[in-house]
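Peer 1: Have a look at this prediction, sequence included:
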Amino acid sequence: MINDIMKQLPEFLATTTEKELTYFIGNLCEEASEDVLLELTRLAMESRRVSYGNKVFFRGLIEFSSYCKNDCYYCGLQKSNLKAVRYRLTDSQILHCCELGYERGFRTFVLQSGEDQYYTDYRLCSITSNIKDRFSDCAVTLSIGERSRESYQALFDAGADRYLLRHETANETHYAKLHPARQTLKSRMRCLYYLKEIGFQVGAGFMVDSPFQTYETLADDIIFLRDFKPHMIGIGPFIPHKDTGFAHLSSPDIKNTLIMLSLVRCLLPKALLPATTALATADIKGRERGLFAGANVIMPNLTPVDHRKDYSLYDNKLSIGCEAMEGFSVLLQQLKALGFEPDFSRGDHLDFNKDEER
Ligand code: 5AD
């Protein structure tokens, strides 16, 4: 049966029920032969090639604040983690990161932080418009959590182009096991729909092998993505953090993450999918295995080196290597050797060419 599904995978993914999908994902993760998994990879690579050729896009990541008012149980930056070192970058430090990134060739800056109330709309709009004034050929992506519709609108009007807000899990019961009661899936989803209505290129996403995850919740993730059709989707393995309630869990291998990446690529051929830092942290070849599973984005870290260790979402999060200048040229060589084509344009979603609109 699995071979029949593989023959018409995109159609299957586009139409199937939660039940069938649950069974299929379970089968891929637990029983599928090497041949079937290879075929999945081939389909994902082909689907990416049709949309974006062999291009790999870059985003410079700036982790500008490690303060967070939330308590996501899996995350090292949760408010209850009193051991977490908190920092904030100043506006000029953030701009300086962009300058370094610009010199390196990046044309997208991702500003990410915990949910830090210090950053009022006024402050964030000013940071965003300063970056857009200074680097008018660049896209600004924000990844700063749940805010009001008015706030999202103000940030969009200030020039922000894209917004990343992982849904984390599309299953309400699962969501409730990963977050305190005041954080709800409903509220997350509401934010995602606001962002889309306003006109952002929107990113959703989830962890694979997170605590209490089942094949059914993964099927729910696929079905949510199928309906919502995000422009970007961040998928990475769950990695425990030593100062969280999930510290005792072990870090699984990345096989299931790669399977989910490939399925999502086949479902949404035009999506921008990062080979995430979590993937690179969990496996020494994680980044390239992610690209071979269908990813087409890499997000090198531009955060000042002395703060990187303090943006600790999970244990041993990578912050050196391809992030450093010398490391980055090695990465470019590696990508070329693997047959990928580093692309230094803004890397907008295919259906979304803002250069023409603005
Ligand atoms: N392991 C892997 N990913 C994590 N994130 C947070 N904590 C962890 C962890 N322990 C991810 C979440 C969040 C993103 C910024 O990092 O999915 O949305």
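Peer 2: Done, it's in. Computed from a predicted structure; not experimentally measured.
Peer 1: and this structure, which residues reach the ligand?
Peer 2: Taking CB under 6 Å from any ligand atom as the criterion, the chain approaches the ligand at residues Tyr74, Cys75, Arg166, Glu168, Met207, Gly236, Phe238, Ile239, His241, Ala278, Leu313, Tyr314. Placement of C-beta: from N, CA and C, glycine included.
Peer 1: if I've got this straight, the fifth one is in a strand?
Peer 2: Yes: checked against DSSP: H, G, I helix; E, B strand; the rest coil, Met207 lies within a strand.
Peer 1: that older thread, tell me the two of the residues of the chain next to the ligand that are most distant?
Peer 2: Greatest spacing in those, by CB to CB: Arg166 and His241 (16.3 Å).
Peer 1: pLDDT at the closest residue in space to Pro252 that isn't next to it in sequence, what is it?
Peer 2: The shortest distance from Pro252 to any non-neighbouring residue, by CB to CB, 6 or more residues apart in numbering, is to Asp209 (4.5 Å). pLDDT for Asp209: 98.
Peer 1: Equivalent analysis for Ser47, please.
Peer 2: Reported pLDDT for Ser47: 97.
Peer 1: what about it, distance to the ligand?
Peer 2: Look at Ser47 and the ligand: by CB to the nearest ligand atom, to the nearest Å, they are 24 Å apart.
Peer 1: Offset the numbering so it begins at 39, please.
Peer 2: All right, first residue 39 from here; so that's Ser85.
Peer 1: re the thing from before, which one (most neighbours) among the residues of the chain next to the ligand?
Peer 2: Gly274 (29 neighbours; other CB atoms under 10 Å).
Peer 1: And it, which helix or strand is it part of?
Peer 2: Assessed by DSSP states H and E, Gly274 sits inside strand 270-275.
Peer 1: what's that strand in contact with?
Peer 2: 200, 202, 204, 239-247, 263, 289-290, 292, 294-295, 298-299, 302, 306, 309-312, 314-317, 320, 335, 387 (CB atoms under 8 Å, 6 or more residues apart in numbering).
Peer 1: Narrow these to those in helices?
Peer 2: Here DSSP state H is the test, and the contacts of strand 270-275 give Leu263, Asn294, Thr295, Met298, Leu299, Val302, Thr315, Ala316, Leu317, Ala320 as lying in helices.
Peer 1: The third one: neighbouring residues, count only.
Peer 2: Looking back up the chat, that one is Thr295. By other CB under 10 Å, 26 other residues sit near Thr295.
Peer 1: State the pLDDT value of the nearest residue to Arg303 once chain neighbours are set aside.
Peer 2: Spatially, and ignoring its direct neighbours in sequence, Arg303 is nearest to Gly332 (3.0 Å; CB to CB, 6+ apart). pLDDT, Gly332: 98.
Peer 1: which residues touch Phe382?
Peer 2: By CB under 8 Å, 6+ apart, Phe382 lies in contact with Phe96, Gly143, Phe144, Arg145.
Peer 1: top of these by neighbour count?
Peer 2: Going by other CB under 10 Å, Phe144 tops those with 26 neighbours.
Peer 1: ok, what's across the strand from the closest residue to it other than its chain neighbours?
Peer 2: Leaving aside its chain neighbours, Phe144 sits nearest to Gly98 (4.0 Å; criterion: CB to CB, 6+ apart). Beta-bridge pairing of Gly98 under DSSP bridges involves Phe147.
Peer 1: list the buried ones in stretch 158-173?
Peer 2: Residues of stretch 158-173 classed as buried by neighbour count (16 or more other CB atoms under 10 Å): Asp159, Leu162, Cys163, Ile165, Thr166, Ser167, Asn168, Ile169, Lys170, Phe173.
Peer 1: mind giving me JSON lines with those residues and columns for distance to Ala257 and secondary structure?
Peer 2: Formatted as JSON lines, these follow (distance: CB to CB, whole Å; DSSP: H, G, I helix; E, B strand; the rest coil):
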{"residue": "Asp159", "distance to Ala257": "37", "secondary structure": "helix"}
{"residue": "Leu162", "distance to Ala257": "36", "secondary structure": "helix"}
{"residue": "Cys163", "distance to Ala257": "39", "secondary structure": "helix"}
{"residue": "Ile165", "distance to Ala257": "39", "secondary structure": "helix"}
{"residue": "Thr166", "distance to Ala257": "37", "secondary structure": "helix"}
{"residue": "Ser167", "distance to Ala257": "42", "secondary structure": "helix"}
{"residue": "Asn168", "distance to Ala257": "43", "secondary structure": "helix"}
{"residue": "Ile169", "distance to Ala257": "39", "secondary structure": "helix"}
{"residue": "Lys170", "distance to Ala257": "40", "secondary structure": "helix"}
{"residue": "Phe173", "distance to Ala257": "41", "secondary structure": "coil"}
